[in-house]
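>>> model the structure of this input:
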Amino acid sequence: MAIIRNQANIDVVEAAEIRLKNVFKNGVTVYMSFSGGKDSLCLSQLIINLAQRGEINLNQLVVQFIDEEAIFPCIEKTVLEWRKKFILLGAKFEWYCIEVKHYNCFNELTNDETFICWDRYKEDVWVRKPPSFAIRSHPLLKPRKDAYQDFLPRLCVDGITITGVRAAESIQRLKNIAKMNSSGKKITHKRQILPIYDWADKDVWLYLKEQHVDIPEIYLYLWQAGTGKGQLRVSQFFSIDTARSLVKMNEYYPDLMERVIRREPNAYLAALYWDSEMFGRRSRNRKALENEQEKDYKALLLTMFSDFDTYFTTEHKRYVAKRYKNFFMQISSFADQRDFKMIYEGLISGDPKLRTFRALFQRIYGRYIDNAKKARKEGNPNAKQ
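Okay, the predicted model is just below:
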C-alpha cells in the first residue's frame, strides 16, 4: 500500500490538542496508558496543559500504569511524580503490579520464552518490591496468561483509550495508522485514539524541552553510551530491544545486573554475548571478536529451514520461522547476501513481534520495485521521468 503524507496548516502540538479535546467532549471515561517514557510524557503534558486552561475535565481521566517489575529506578521515580500530579488535578491513577506475560529473549536456552511480571512463585528474587498502593489483582485479569495488551482492552471497554503510539517508531505502525486513516477511521478496533501519532522524534524532544518536562535520566545515560536517537527506547529489561542496553547501563546502576541475573539467571548472556549475532549486533567489535570469513548466509538459511525441529524449538519460534521461510522463498531469486544475512540474524537474535521481518519486507521489496521502475525507464526512452 502506498503511503501518502499530507501537510497540514497547523503544527503537531495544536493537532494533538484538538484530538484530545474531541476525545473528552464525548463525555465518557478516558483511559490513558502511561509508561513514564518520552512519548507518554508528551501526552501527559498536553493533557495537563489543556486541563489547566479549563479545556478538558480531568475527572473523566483514568491513568493506567502497568508496572513491569524490571524497570529502571528513574522510570519508577518519574511515574511516582506524575501520579501525584494527576491525582492533585482530579484524575484517577491506577498502578498495576499484576502477573502479566512478556516475551523474554534470555530464556531461549530453557525453551521458555515468557517472563511473568510479579511472578508469585519468585517473590524472593523480584527485581524490586511493588509500591504499597499498587493494584495486585483484578477480576478481568487472566493471571500468567494475559499480556497487558489483552487485559487493558477488557478493562477499558466502557470508555476511550488514548496512547502515545507514534507512526515514526516502526514501519508496522506507520502502515497500520495510514490504513486506518485512509479508511476514514480515527479510532482503532480497541477503541484507542492516538493523539500524537504524527509526531517525529524531533517533535517529541523539542516539546519536552520547551515545556521544561523532566525526562528519566536513563535516556541521557543511553545517549552517553552511544545509543542512536532512533533507538532511545526504554522498556522491560528482558525484551530484545532493551537487553542490549543492560551491559552499558551497569556502569550507571552498579547493582542492576546483579538483581536482574538473580531474577533471570540466563541474563548473563547479555554480558557475555551482547556484541554478537545473538543480539543482532553489527559493530566493529563483533567483527573483531568473530574474526572469520563472511558466511554463506543463503546456505545457512537453507540448512535451518530444512530442519525446523532442531533450529526452532518452541511453537512461537516455529511460527516466526515459517513467516521468514515463506518470505525467503519469495525473494531468494533477487535478494543479495546482505539481505540473507539480515534474515539469518533476525532468526538468530529472535524477532517475537516480527519487527525485523516487516522492516526487511519493506526494504527488499521497496528496492526491487525501485530497480524495476529504473530498468523500465532506461529501456523505454519515452517513459515519463
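>>> can we go C-alpha only for contacts and neighbour counts from here?
Noted.
>>> so Phe165, which of the three states?
Just so we're on the same page, residue 165 is Val rather than Phe. Val165 falls in the coil class when you classify it by DSSP: H, G, I helix; E, B strand; the rest coil.
>>> Met32 too?
Quick answer, by three-state DSSP: Met32 is strand.
>>> beta partners for it?
Assessed by DSSP bridges, Met32 has beta-bridge partners Val63, Ile162.
>>> residue contacts, it?
Leu61, Val62, Val63, Gln64, Thr161, Ile162, Thr163 (Cα atoms under 8 Å, 6 or more residues apart in numbering).
>>> dump the residues you listed to a markdown table, plus distance to Ser306.
Below are the contacts of Met32 laid out as a markdown table (distance: Cα to Cα, whole Å):
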| residue | distance to Ser306 |
| --- | --- |
| Leu61 | 53 |
| Val62 | 51 |
| Val63 | 49 |
| Gln64 | 46 |
| Thr161 | 45 |
| Ile162 | 45 |
| Thr163 | 42 |
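>>> just the buried ones from those residues, in PyMOL syntax?
Command for PyMOL that selects the buried part of the contacts of Met32, burial taken from 16 or more other Cα atoms under 10 Å:
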select buried, resi 61+62+63+64+161+162+163
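>>> reformat the contacts of Met32 as a markdown table; add pLDDT and distance to Tyr319.
Output for those, formatted as a markdown table (pLDDT from 0 to 100; distance: Cα to Cα, whole Å):
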| residue | pLDDT | distance to Tyr319 |
| --- | --- | --- |
| Leu61 | 98 | 39 |
| Val62 | 98 | 37 |
| Val63 | 98 | 35 |
| Gln64 | 97 | 32 |
| Thr161 | 96 | 30 |
| Ile162 | 96 | 31 |
| Thr163 | 94 | 29 |
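>>> tell me the contacts of the closest residue to Cys156 other than its chain neighbours?
Of all residues not flanking Cys156 in the chain, Tyr31 sits nearest, at 6.8 Å (Cα to Cα, 6 or more residues apart in numbering). Contact partners of Tyr31, counting by Cα under 8 Å, 6+ apart, are Leu61, Val62, Val63, Gln64, Cys156, Gly159, Ile160, Thr161, Ile162.
>>> which parts of the longest helix belonging to the chain are buried?
Ranked by residue count under DSSP state H, the longest helix found in the chain is helix 355-379. Neighbour counts over helix 355-379 (16+ other Cα under 10 Å) mark Thr356, Phe357, Leu360, Phe361, Ile364 as buried.
>>> helices or strands up against that helix?
Here helix 355-379 touches helix 171-182, helix 315-331, helix 337-349, going by 3 or more Cα pairs under 8 Å, 6 or more residues apart in numbering; DSSP states H and E.
>>> in contact with Leu43, which residues?
By Cα under 8 Å, 6+ apart, the contact list for Leu43 reads Thr163, Gly164, Pro195, Ile196.
>>> now these as TSV including distance to Leu232?
Shown next, in TSV, are those (distance: Cα to Cα, whole Å):
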residue	distance to Leu232
Thr163	18
Gly164	15
Pro195	21
Ile196	18
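>>> now for those: which two are most distant?
Largest separation among those by Cα to Cα: Thr163 and Ile196, giving 8.3 Å.
>>> what residue spans form the domains of the chain?
Domains of the chain are assigned by automatic domain parsing as 12-210, 297-369.
>>> relative to Ala225, which of those is closest?
That would be domain 12-210 among the domains of the chain, by Cα to Cα, at 15.8 Å.
>>> what is the end-to-end distance of the closest one?
14 Å (Cα to Cα, to the nearest Å).
>>> one more: stretch 141-152?
One end of stretch 141-152 sits 9 Å from the other (Cα to Cα).
>>> from the chain's centre, how far out does that stretch sit?
In terms of Cα atoms, centre = their mean, to the nearest Å, the centre of stretch 141-152 is set 17 Å apart from its chain centre.
>>> what's that stretch in contact with?
Taking contacts as Cα under 8 Å, 6+ apart, the residues outside stretch 141-152 that touch it are Ile66, Ile98, Glu99, Val100, Lys101, His102, Ile116, Leu140.
>>> next one: stretch 52-61
For stretch 52-61, using Cα under 8 Å, 6+ apart, the contacting residues are 21, 24-25, 27-32, 47, 50-51, 89-92.
>>> picking that back up, report the buried members of the contacts of Leu43.
By 16+ other Cα under 10 Å, the contacts of Leu43 give Thr163, Gly164, Pro195, Ile196 as buried.
>>> looking at these, which is nearest Thr227?
Nearest to Thr227 out of the buried ones among the contacts of Leu43 is Gly164 (Cα to Cα; 21.6 Å).
>>> my read: the closest one touches Asp198, true?
No. When contacts are counted by Cα atoms under 8 Å, Gly164 is not listed as touching Asp198 (10.3 Å).
>>> the strands in the stretch 101-250 of the chain, which residues?
101-103, 114-116, 159-162, 192-193 (DSSP state E, counting those that start in this stretch).
>>> most tightly packed of those strands?
The highest average neighbour count among the strands of the stretch 101-250 of the chain, using mean count of other Cα atoms under 10 Å, belongs to strand 159-162 at a mean of 22.
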